[in-house]
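> Sequence plus predicted model, see below.
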Amino acid sequence: MDSILTISKKELAGFFDSLSGYIVLIAFLGFTGFFTWLYGSDIFIRKQADLVVFFSIAKWTLFFFIPAITMKLISEEKNNGTLELLLTKPLNESQLVTGKFLAAFFLVAIALALTLIYYISISYLGKIDHGAIISGYLGLLLFSAAYIGIGLFASSISKNQIVAFLLALFIGIFFQIIFDILGSSLNGIPGKVFDFLSLSGHFDSISRGVWDTRDIIYFLSICVLGIELAKENLAFRK
Amino acid sequence: MNIEIKNVNKFYGYQKVLDDVSFEVIPGEILGFLGPNGAGKTTTMKIITGYIGMDSGDVVIDGKSVKTGETKSSIGYLPENNPLYLDMPVVDYLRFSAKLQGVEKGKIENKVREMIKLTGLNKEKHKLIGELSKGFRQRVGLAQALIHDPEILILDEPTTGLDPNQIIEIRELIKELGKEKTVILSTHILPEVEATCDRILIINKGKIVANGTSKDLRQQAEGNSLLKIKLEVPENETVLEKIKELPSVEDVSVVNNETGRFDVKSFKGLRSNREIFDLCAKNNWPIVEMIPIETKLEDVFRDLTMN
């Protein structure tokens, strides 16, 4: 556990030392804030004290931002040869990947925590359903965990960060929309399977405040699968 | 701690990179690992550190197989090309390494300070590693390898890219460390091995071709001793004849068509100095030069790896 946290801390410090952490936070707040408060079907047009707009914007913002956070996590270590340095210390692949996962997750959690200010603002504007908001945030955390898993897997495949980024987006787009489209256009069992595979579907139901263990299991399995595959990829060098 | 490498085989795809490699290293010994590029030095070192696996055989460190992963904490490793986090300050990086190596929390600061002193990084300690010159980066690499006071040190080409002064410093440091620790270092700089190592292991195409002290190896390869002589003689013909007749002489040749300058090769195991001296004394040919040519480690190395 100590070594996992050592890795996470180093990685997190790296985000902020290289400014990439600040850029991600500011850009995330900028995008979500702009669309939640100022543009399109924003809160003032909806005239409802809820964060539905924010949650659907965050879903897309995170979809693009998470691969940007995760792309370098493993590929950079591979490319610089520092992977060898790490794995010849008393640290195994699984601790390394878990440490990296926690760092990325924590960065996303900070970004989401900063948006709590939207929640506070809105709660002054009208009667707000606190349950739905909490549920939405938890949904976003689960959603992020799944995409971080995918991102880590993509990052473990290539030494090239751009390849890792594009690969994560490529895999992600299936979960984000393609499965959803297939699910609604196919009948019978295939339709149901694709419906179940669609990440958006699971997220939408959680962000509406409907909690189903299947949704939680779904997110966690993608996340764990991504981590496991990344770990196997690293161990493959042997 | 003892390191035993037992019949290790390793393939990269269909290519056999290590072929039944076995050797042993004991504490207090510095083992020099020599071989041409691509001979399998780095692969062997990576296997000992547990970074890559082997296809058969085993590496046992102090009774534990490296496959268990439990041996990592007793090894300090400086990989080839010395990979480092270039965007990290030196101290932060050393702290990070110490933590990963499981150095106790209260001792980390002391250890980091000790390493900075040992490797002479005091002025550079707050700089980013990326800002350092190659020599200083190499020191950072050594510092991270030594930070947990490992009993085994594995250094893959530790002096590449250093200037002559730094090379000597690092060699001294390695020698000092080698008094208590088990050290394996790889290099293709031959004088370096002679200067630092107690024992030399030469590997070629994945096989160990020689194992012994530099003296042993030289003797092994010596065979025919060679003498360069210069005599004050009027012409070469008769002298050449006479030297050829000596029982210990296998071959003799005139160098550069110069009068009185010869290369004398003796039969294996024999020396011809005395006979030549007697011959010259008898014929009243003053000897101006007589230089025995020692087999150099370079020759041994070439002999063993050039076929």
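Received it, and whenever you're ready, just let me know what you need. Numbers count the residues shown, from 1 in each chain, chains lettered A, B, ... in the order given.
> For the spatially most central residue of chain A, which non-adjacent residue is closest in space?
Here the mean C-alpha position of chain A is nearest to the C-alpha of A:Ser144 (CA atoms, centre = their mean), at a distance of 2.2 Å. Spatial nearest neighbour of A:Ser144, chain neighbours left out: A:Val108 (4.5 Å); criterion: CB to CB, 6 or more residues apart in numbering or on different chains. Just so you know, the C-beta spots here come from the backbone N, C-alpha and C atoms, and that holds for glycine as well.
> Quick check: which element contains the one you found?
Following DSSP states H and E, one finds A:Val108 within helix A:93-114.
> quick one: contacts for residue 1?
Using chain A. By CB atoms under 8 Å, 6 or more residues apart in numbering or on different chains, A:Met1 lies in contact with nothing.
> Chain B, not that one
B:Met1 neighbours (CB under 8 Å, 6+ apart): B:27, B:61-62, B:74, B:151-152, B:182.
> How confident was the prediction at it?
If you check B:Met1, the pLDDT there is 82.
> One more: the one 4 residues further on?
At B:Ile5, the predicted lDDT confidence score is 90.
> Mind telling me what element it is part of?
Per DSSP H and E: B:Ile5 is located in strand B:3-12.
> If you count neighbours, what's buried in that strand?
Buried residues in strand B:3-12, counted by 16 or more other CB atoms under 10 Å in any protein chain shown: B:3-6, B:8, B:10.
> What of stretch B:53-63?
Buried-residue list, stretch B:53-63, by 16+ other CB under 10 Å: B:54, B:57, B:59-61.
> next one: stretch B:187-198
Buried, per 16+ other CB under 10 Å, within stretch B:187-198: B:187-188, B:190, B:192-198.
> And for stretch B:249-263?
Residues of stretch B:249-263 classed as buried by neighbour count (16+ other CB under 10 Å): B:249, B:252, B:260-262.
> centre of the chain versus the strand or helix carrying A:Ser155, how much separation?
Element membership for A:Ser155, per DSSP H and E: helix A:130-157. Relative to the centre of its chain, helix A:130-157 is centred 4 Å away, using CA atoms, centre = their mean, to the nearest Å.
> buried stuff in stretch A:116-130?
Within stretch A:116-130, judged by 16+ other CB under 10 Å, the buried ones are A:118-119, A:122, A:128.
> Now tabulate those residues in a markdown table and tack on secondary structure, distance to B:Gly35 and pLDDT.
Shown next, in a markdown table, are the buried residues of stretch A:116-130 (DSSP: H, G, I helix; E, B strand; the rest coil; distance: CB to CB, whole Å; pLDDT from 0 to 100):
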| residue | secondary structure | distance to B:Gly35 | pLDDT |
| --- | --- | --- | --- |
| A:Tyr118 | helix | 64 | 89 |
| A:Tyr119 | helix | 65 | 89 |
| A:Ile122 | helix | 69 | 87 |
| A:Ile128 | coil | 72 | 84 |
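> Relative to its centre, which residue of chain A is most distant?
Extreme point of chain A relative to centroid (CA atoms, centre = their mean) is A:Gly188; 30.6 Å.
> for that residue, what are its contacts?
Not one residue lies near A:Gly188 by CB under 8 Å, 6+ apart.
> Need the phi and psi values for it.
Dihedral angles of A:Gly188 (phi, psi; degrees, to the nearest 10) stand at phi 70, psi -150.
> thinking A:Lys238 is in contact with B:Ile52, fair?
Yes. When contacts are counted by CB atoms under 8 Å, A:Lys238 is listed as touching B:Ile52 (5.4 Å).
> Strands - which of the buried residues of stretch B:53-63 land there?
With DSSP state E as the criterion, strands contain B:57, B:59-61 from among those.
> any idea how far A:Phe179 lies from A:Leu116?
A:Phe179 is 31 Å from A:Leu116, where distance means CB to CB, to the nearest Å.
> Ok, A:Gly201 next?
26 Å.
> Where do the helices of chain A begin and end?
A:2-17, A:20-33, A:43-46, A:52-80, A:82-87, A:93-114, A:116-125, A:130-157, A:161-173, A:179-185, A:188-197, A:199-207, A:213-235 (DSSP state H).
> Same question for chain B.
For chain B, the helices defined by DSSP H cover B:41-49, B:90-100, B:105-118, B:134-146, B:164-178, B:190-196, B:214-222, B:237-245, B:273-283, B:297-305.
> So if I had to pick from A:Lys238 and B:Ile52, which one is more boxed in?
Each of A:Lys238 and B:Ile52 has its neighbours counted (other CB atoms under 10 Å in any protein chain shown); B:Ile52 has more, 17 against 14.
> and that one, what pLDDT?
Among the per-residue scores, B:Ile52 holds a pLDDT of 90.
> Spatially nearest residue to it, not counting backbone neighbours?
Computed as CB to CB, 6+ apart, the closest residue to B:Ile52 that is not its neighbour in sequence is B:Lys46, at 4.7 Å.
> Just name the shakiest helix or strand of chain B by mean pLDDT.
helix B:214-222 (a mean of 72; mean pLDDT, DSSP states H and E).
> swap in chain A?
Among the helices and strands of chain A, helix A:43-46 carries the lowest confidence by mean pLDDT, DSSP H and E, at a mean of 76.
> ok, and what's touching that helix?
Residues from elsewhere that reach helix A:43-46, judged by CB under 8 Å, 6+ apart: A:36-37, A:52-53, A:122, A:125.
> Check those against chain B and report the nearest one.
Nearest to chain B among those, counting by CB to the nearest CB, is A:Thr36 at 34.1 Å.
> Test my guess that the closest one contacts A:Phe55.
No. Look at A:Thr36 against A:Phe55 with CB under 8 Å: they stay out of range, at 9.4 Å.
> For burial, what's the neighbour tally of the closest residue to A:Leu87 other than its chain neighbours?
In space, and not counting its chain neighbours, A:Leu87 is closest to B:Tyr51: 5.7 Å by CB to CB, 6+ apart. B:Tyr51: 21 surrounding residues under other CB under 10 Å.
> ok now do B:Tyr51, which residues does it touch?
B:Tyr51 neighbours (CB under 8 Å, 6+ apart): A:84, A:87-88, A:237.
> Tell me which two in the residues you listed are the farthest apart.
Comparing every pair within the contacts of B:Tyr51 by CB to CB identifies A:Thr88 and A:Arg237 as the most remote, at 12.0 Å.
> Comparing the helices of chain A by mean pLDDT, which bottoms out?
When mean pLDDT is averaged over each of the helices of chain A, helix A:43-46 scores lowest at a mean of 76.
> Would you mind listing the buried residues in that helix?
Going by neighbour count (16+ other CB under 10 Å), the buried part of helix A:43-46 is A:Ile43.
> Measure how far it is from the centre of its chain, please.
Centroid separation for helix A:43-46 versus its chain: 27 Å, with CA atoms, centre = their mean.
> just to revisit the earlier point, from the buried residues of stretch A:116-130, which is closest to chain B?
When the buried residues of stretch A:116-130 are ranked by distance to chain B (CB to the nearest CB), A:Tyr118 comes first, at 33.3 Å.
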